[in-house]
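> pasting the sequence and the predicted model now:
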Amino acid sequence: MELIAADIGGTKSWLVWVAYTPEGGAQQRFEQVYASAAFVTADDLIRQFMTDAQAAAAPDCLLLALPGPLHAQHVRLTNLDWTLDAADMRATLGIPSVRFINDFQAAAAGVATLTADDVVALNAPPAEVNSVRAITGAGTGLGLAFMLAGADGRYQDFPTEGGHIDFAPANAMQARLLKHLRAKYGHVSWERAVSGSAMGDLYDFCCAELGCPPTGVPVDGPALTARAGLGEAAAVAALDLFVDLYGAWVGNVALLYQPRGGLYVAGGIAVHLQDRLRSPRFMAAAADKGRMRGVVERTPIFLVTCSRLGVQGAIATALAQPFFSHHLDSDTEQSRSGT
């Protein structure tokens, strides 16, 4: 059985080709990361990956973890101008099984693949066995999923579009930010304030707050971090504001799900801004919930430092799919019977 699993993001897409033997062994054939915007369609991306992998034939199964609201295996991506349909991709790519899942559903499944070296405890209480888990994270957008343990102790993953909940300011400065963002976007979700795509808006806002002249040059996350590293006041203020907002969002997730099994903070920004998210400022913002402060303080919160989380979760999810499981079982039975 041959599988392509992919974690598709607004900025980058991470793909892995894995071959499975009837005995249950696995061999990774090829792995590559691409700039998502370099491709007009998802089909173009998959074809390029198969070419780069020097594949003699199409795989048996393709599973894509996608950032957007899925409906009947059809989706228009939130931060990338792609529209995908699983049935169409089966036909155009010649792959027998094509399936989509939400990107943070894959991230949730990926939690089970993590080792102790892949996480950093941000809040110390020990995780409770078989309790609710949640995972959230800022990348190009803002994702959220939760996990519930079944009777056998295995977790089932549930995607959400929680990153698009209405943004709520926690202080006067954030109220001014809401006004600034509302003038630009109309509706303002948490993703408009806590994501890689929000970095430029936070910088522009802080420039206005500090009376700094606008640069006229778009500022993304890496550029903002570089400017802050040089001591630019508006960039430092923007990153501080981002940490406050991210912490407040994580505290909201803690209140929403009470994930005593662990609240995992993932996404590309978690990897690149580890030092800032591990600072006391982040948890202070998370716990600033008035009468509900204790709920957040009792929540085990972990920072995920593994950049492969999404694709590892996509692989794990694919293996649990009926198509894949059935074919592996059938191959195993044929092997045992000598046919």
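Received the coordinates, thanks.
> ends of stretch 184-194, how far apart?
Separation of the first and last residues of stretch 184-194 by C-alpha to C-alpha, to the nearest Å is 16 Å.
> let me see the mean pLDDT of that stretch.
Per-residue pLDDT over stretch 184-194 has a mean of 98.
> contacts for that stretch next, please.
Here stretch 184-194 makes contact (C-beta atoms under 8 Å, 6 or more residues apart in numbering) with 138, 141-142, 162-167, 177-178, 181-182, 197-198, 201-202, 242, 245-246, 249. For every residue, glycine as well, the C-beta is placed using N, CA and C.
> any idea which helix or strand carries the residue nearest to residue 215 when sequence neighbours are not counted?
Leaving aside its sequence neighbours, residue 215 sits nearest to residue 207 (C-beta to C-beta, 6 or more residues apart in numbering; 7.6 Å). Assigned by DSSP states H and E, residue 207 belongs to helix 199-210.
> from the contact counts, what lies against that helix?
Contact partners of helix 199-210 among helices and strands, from 3 or more C-beta pairs under 8 Å, 6 or more residues apart in numbering; DSSP states H and E: helix 172-185, helix 221-229, helix 233-257.
> rebuild those helices as JSON lines, extending it with mean neighbour count.
Shown next, in JSON lines, are those (neighbours: other C-beta atoms under 10 Å):
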{"stretch": "helix 172-185", "mean neighbour count": "14"}
{"stretch": "helix 221-229", "mean neighbour count": "17"}
{"stretch": "helix 233-257", "mean neighbour count": "22"}
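> out of those helices, the one nearest residue 319 is which?
Residue 319 lies closest to helix 233-257 among these, at 26.1 Å (C-beta to C-beta).
> between that closest one and helix 199-210, how many degrees?
120 degrees (axes from the mean of the first three to the mean of the last three C-alpha atoms, to 10 degrees).
> packing partners for the helix or strand just after helix 233-257?
Next in sequence after helix 233-257, counting helices and strands by DSSP H and E, comes strand 262-266. Judged by 3+ C-beta pairs under 8 Å, 6+ apart, strand 262-266 is in contact with strand 133-138, helix 233-257, strand 301-304.
> dump those to JSON lines, plus mean pLDDT.
Formatted as JSON lines, the helices and strands packed on strand 262-266 follow (pLDDT from 0 to 100):
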{"stretch": "strand 133-138", "mean pLDDT": "98"}
{"stretch": "helix 233-257", "mean pLDDT": "98"}
{"stretch": "strand 301-304", "mean pLDDT": "98"}
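> what are the buried residues along the helix or strand hosting residue 276?
Assessed by DSSP H and E, residue 276 sits inside helix 274-277. Neighbour counts using 16 or more other C-beta atoms under 10 Å place 276, 277 of helix 274-277 among the buried residues.
> and the angle for the helix or strand that that helix is followed by with helix 233-257?
Counting by DSSP H and E, the next helix or strand C-terminal to helix 274-277 is helix 280-287. Orientation of helix 280-287 against helix 233-257 (the same axes, to 10 degrees) gives an angle of 40 degrees.
> helices or strands up against helix 280-287?
Under the contact rule (3+ C-beta pairs under 8 Å, 6+ apart), helix 280-287 is packed against strand 119-123, helix 233-257, helix 293-297.
> what does the last one contact?
Contacts with helix 293-297, where a contact means C-beta under 8 Å, 6+ apart, come from 123, 125, 251, 254, 255, 258, 286, 287, 289.
> how about a cut-off of 7 Å?
251, 254, 255, 258, 286, 287, 289 (C-beta atoms under 7 Å, 6 or more residues apart in numbering).
> ok, the fourth one touching residue 134?
No. The pair residue 258 and residue 134 does not pass the contact test of C-beta atoms under 7 Å, sitting 9.0 Å apart.
> so for these two, which sits in the more crowded spot?
residue 134 (28 against 16; other C-beta atoms under 10 Å).
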